[in-house]
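>>> one predicted model, sequence on top.
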Amino acid sequence: MPPRRKRSLLSSFFKYCTKRTNSINPALSLSERTTSTSDNAGRLNEKAPARVLLTEAKGISGAPVLGECDRHLTTSLEPAHSIPPAPQQQFSDWPPQSGMMHHWPDREQALRTDRPDDDDNPTPVPRRHSARQEFGISGPSVFAGASHTRVENLNIHQAGQEQGTNGWKLLMEKTAPNALHSSDARFDPPKCDEDTRIEVTSEILAWIQDRSAPTQLLCMTGAAGSGKSALQQTIAELCEELGILASSFFFSTSDPTRNGCSALVPTIAYQLGLKSLPLRRAIAAVVDHNPLIFTQSLRSQMQALVVDPVRQLPTDALSHLPFAILIDGLDECNDEDRQRGILEVLQECMIGGRTPFRIFLASRPELAIHNALQPGGHLERLAYHIRLSDDYDATTDIRRSVQRMLHEIGRRRNLNPTWYTDEDVEAIVKAASGQYIYAATAMRYVSEPRGSPLDRLNAVVSWSLSGGGEQTSPFASLDFLYSQILLKAKQAYEAVDTNRYDFLLTFNSYVFLDRSLPLQDQILGYEDQTSEHIICDLRSLVTWSGSGCLNFYHKSFEDFLDSEARAGPLYVKARALDHILAASLRWVAKHSELDVENAMRTNSPFGDVIYSVVFTILRKANRQCYSLDNLVDTVIHFTEAGGWEKIHIWVVQPWTIGSTHPFHEAVTSWLEVFEWLIPLMKDRSRNTWSIAEDRRAKWARHLRDYELNLFRRISER
């Protein structure tokens, strides 16, 4: 602290003390005030140490400097050995009903509600700051009700400015930015068209705003493509405009940062901290105190990072805290047990008056949420349930959306306004069968710039009228549309003489490998820009992220490719598995051991290929019961080429060079693969079986040594 600032701080502090004692008893002289004693029993007149922390939120304008005052003071107060904790808030009837809203006739009214005129909120008159405000001191005053106060030996120390900041930084590292409704990774997300979904949107907004409703959890279930995510996005944007959006989290199977539950609570807590500075400080303090909170159970995280900090907020801060929490795509959280765990945590921690939040959750009716909401389920009486596909007929809204999109395509391409007919619209609407995803996919296909919109519309209409034969499944129309788009793209690719790769095999390899397209071309041995030639006619089904990875517009297309029953002759996943594994193993085997060691130190994709490609495919091959004959032959050739020596360097090296790679997890996982793979090799090639068995034994010894060393270090603590 600069000397001038320090002197100013000391001067202001002593002036405050003098002013305070003068106001208590102005008749006393200075000597009387500093030497007077009290005869009352139970009062003190001796030096007692006291500490006051001045808190800071780093980077926030106007926040006080973080410092610590050590001082000895003489007081005639009863000793306060500790400051009692703030009373915990109860939210069963919060806030008063006078501000509640029950009816939402339309979206426009929703946006107008609870927006008072400027005349109702005059600009407040600035107040003079007290010394306590100037120093940033919060909580009960050290001098409250004091008389005859003497301050001695005042020392001001600059405390660690990192306190609180470290906790917030660690929290940010654990969040999933892609899961936010406004994330750039979700650029141009699906949302409801204007004048569509008005009824269901109004119902959801009315429920969110009705703070007196007996339930705090709204679960909306619906089939794939029924428009759940579009509704969530629309509600999130409306809540943000209304100033009531506390947080949002959009799960996605294809995004590893948000296809599990590990980032759910940190992301919710982070957004809450942005809405309230006291809440941010409280959350950061929790992480500072317990940096391992993120390794604890989901319930422990929710209680420590959300529930407890919110319940400790003063009433005034709570009254300004946004209260809508939105969670989309619970079914896209990979582990069904985790889905069930999320629902249980919401019940145990967040609803029933434990917090002031209103939670809107959307999901396909998969087993976890189905069991929770069905009669006898743990959420049956605690959640308000909207069955989107059953409770609302989307036909009219789909028709309106198709008409609007066709009109916009014609405007952009300078087509005659009569370029499409009402019969064209009705054919698409009928084939959609209430599924928004069908209409959206069809319109993206028509709008692709490579072809004629009229020709593509005629194709879509003809597919819609044929419908793929009898409606043997709820996805028959959608699957037929996917099939026709794939076949058209395949024909266009094969019509070019220089295109020499198997279209379906190559495309499915890109889908299954899930890495940046340039890296995939390198690993799979393809020529540069092969991926562009393969995917150029599939823009209505897939898109590219900023990292160059392939993403689906909708999970239903991924499900289609993954199901032989749905994809029929277009299903090539098993062949793609063999193709990727063989290409990846060849890519590993062609590198020298020195290449591998250098790659480990330069963050090259080598380790990623070994672990995320080779290991993942081997494990999935066993669990999904593919034909293993070709796979075992590929592994035998890899063994003969000395490939396991390269993988051994990658598996063991992180332990020896102190990398952060989880050695224990890596070796354990590979031993799991070897358990079923090595016996299959024994019947084919005794020599390669012996090599692989020797490698397995060495890894097992490394694992035992690692565990013994770890146990020894823990015991010595």
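Received, thanks.
>>> and the helix or strand hosting R704, what does it pack onto?
Per DSSP states H and E, R704 falls inside helix 686-716. Applying 3 or more Cβ pairs under 8 Å, 6 or more residues apart in numbering; DSSP states H and E, one finds that helix 686-716 contacts helix 629-640, helix 643-656, helix 663-682. For the C-beta atoms, the positions are set from N, CA and C on the backbone; glycine is no exception.
>>> by mean pLDDT, show me the worst of those.
Mean pLDDT is lowest for helix 643-656 out of those, coming in at a mean of 69.
>>> which parts of the helix holding R704 are buried?
Across helix 686-716, burial judged by 16 or more other Cβ atoms under 10 Å covers T688, W689, I691, A692, R695, R696, W699, H702, L703.
>>> how near is Y445 to K646?
Counting by Cβ to Cβ, to the nearest Å, the gap from Y445 to K646 is 44 Å.
>>> for L238, same thing?
54 Å.
>>> more neighbours: these two, which one.
K646 (23 against 20; other Cβ atoms under 10 Å).
>>> residues in contact with that one?
V588, A589, H591, E593, V596, I610 (Cβ atoms under 8 Å, 6 or more residues apart in numbering).
>>> what do you get for R186?
Applying Cβ under 8 Å, 6+ apart, the residues near R186 are N178, L180, F250.
>>> nearest to S464 among these?
S464 lies nearest to F250 out of the contacts of R186, by Cβ to Cβ, at 30.0 Å.
>>> bridging residues for the closest one?
With beta bridges defined as DSSP bridges, F250 has these partners: D328.
>>> contact partners for it?
Here F250 is in contact with A179, L180, H181, S183, R186, P189, S229, Q232, R258, D328, G329 (Cβ under 8 Å, 6+ apart).
>>> mind redoing it with 10 Å?
176, 178-181, 183, 185-186, 189, 229, 232-233, 236, 258, 326-329, 332, 362 (Cβ atoms under 10 Å, 6 or more residues apart in numbering).
>>> out of the helices and strands packed on helix 686-716, which is closest to L245?
Nearest to L245 among the helices and strands packed on helix 686-716 is helix 663-682 (37.4 Å), distances taken as Cβ to Cβ.
>>> that closest one versus helix 629-640: what angle between them?
Angle, helix 663-682 to helix 629-640, by axes from the mean of the first three to the mean of the last three Cα atoms, to 10 degrees: 110 degrees.
>>> which secondary structure elements does helix 663-682 contact?
helix 616-623, helix 629-640, helix 643-656, helix 686-716 (3 or more Cβ pairs under 10 Å, 6 or more residues apart in numbering; DSSP states H and E).
>>> now those helices as TSV including distance to G525?
As requested, the helices and strands packed on helix 663-682 are exported to TSV (distance: least, Cβ to Cβ, whole Å):
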stretch	distance to G525
helix 616-623	16
helix 629-640	14
helix 643-656	16
helix 686-716	23
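>>> and these: which comes nearest F294?
helix 686-716 (20.7 Å).
>>> what angle sits between the closest one and helix 629-640?
If you take the same axes, to 10 degrees, helix 686-716 sits at 80 degrees to helix 629-640.
>>> mean confidence for helix 686-716?
The average pLDDT for helix 686-716 rounds to 82.
>>> same question, stretch 285-292
Rounded mean pLDDT across stretch 285-292 is 96.
>>> and that stretch, which residues are buried?
Neighbour-count burial for stretch 285-292 [16+ other Cβ under 10 Å]: A285, V286, V287, D288.
>>> now it - C-alpha only, CSV.
What follows is stretch 285-292, C-alpha atoms only, in CSV (Å, rounded to 0.1, in the frame of the first residue of the first chain):
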residue,chain,number,x,y,z
ALA,A,285,-15.0,-19.1,-0.2
VAL,A,286,-16.4,-22.6,-0.3
VAL,A,287,-14.0,-23.6,-3.1
ASP,A,288,-11.1,-21.8,-1.3
HIS,A,289,-11.9,-23.8,1.8
ASN,A,290,-12.4,-27.1,0.0
PRO,A,291,-10.8,-27.3,-3.4
LEU,A,292,-11.7,-31.0,-3.7
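>>> isn't R456 right up against Y420?
No: counting by Cβ atoms under 10 Å, R456 stays clear of Y420, with 11.2 Å between them.
>>> need the overlap of contacts for these two.
Contacts common to R456 and Y420, judged by Cβ under 10 Å, 6+ apart, are I409, V446.
>>> run through the residues that contact the closest residue to R695 other than its chain neighbours.
The spatially closest residue to R695, leaving aside those adjacent along the chain, is W644, at 4.8 Å (Cβ to Cβ, 6 or more residues apart in numbering). W644 makes contact with 588-589, 635, 638, 651, 670, 688, 691-692, 694-696, 698-699, according to Cβ under 10 Å, 6+ apart.
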